[in-house]
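Chemist: Structure of the sequence below:
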Amino acid sequence: MRVIAELPHPECKITLFNMNQKYIVKFEQGTLEQSYKLSEIDLSGGGANEIFQILDEAFIATVVDRFKAMRTDFSAAYKRQQY
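Modeler: Presented below is the predicted three-dimensional model:
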């Protein structure tokens with residue numbers, strides 16, 4: 001897997017990878033991460049620029065909201081295991 005690009009964002013780290021004719025977009029926030037895979041054949045040949053157009057602010061806002069939900073879910077699961 002090789003790193004193609006990083007997209008700066010104040011709320012999460014966004015990294016674009018390429019591996020086996022797929023692009024992988026990874027979002028990281030603290031100890032949590034989300035990843036999305038896109039096949040190269042599903043794109044029109046624009047590469048990283050085309051993917052970064054897909055990653056608009058509306059989509060990134062949903063990713064950030066999902067991180068909040070993930071953190072809440074994990075915290076609740078952890079607390080259920082404490083005595």
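Chemist: tell me the secondary structure for the most centrally placed residue in the chain?
Modeler: Geometric centre of the chain, nearest residue: F27, 2.9 Å, by CA atoms, centre = their mean. The three-state label given to F27 by DSSP: H, G, I helix; E, B strand; the rest coil is strand.
Chemist: For the helix or strand bottoming out on mean pLDDT in the chain, list the C-alpha coordinates in CSV.
Modeler: When each helix and strand of the chain is scored by mean pLDDT, DSSP states H and E, helix 47-54 comes last, with a mean of 88. Extracted in CSV, the C-alpha atoms of helix 47-54 (Å, rounded to 0.1, in the frame of the first residue of the first chain):
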residue,chain,number,x,y,z
GLY,A,47,-7.0,10.0,-9.7
ALA,A,48,-6.5,11.8,-6.4
ASN,A,49,-8.1,15.1,-7.6
GLU,A,50,-11.3,13.2,-8.5
ILE,A,51,-11.4,11.5,-5.1
PHE,A,52,-10.8,14.8,-3.3
GLN,A,53,-13.8,16.3,-5.2
ILE,A,54,-15.9,13.5,-3.8
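Chemist: Now the element after it, going C-ward?
Modeler: The helix or strand immediately downstream of helix 47-54 is helix 57-80, counting by DSSP states H and E.
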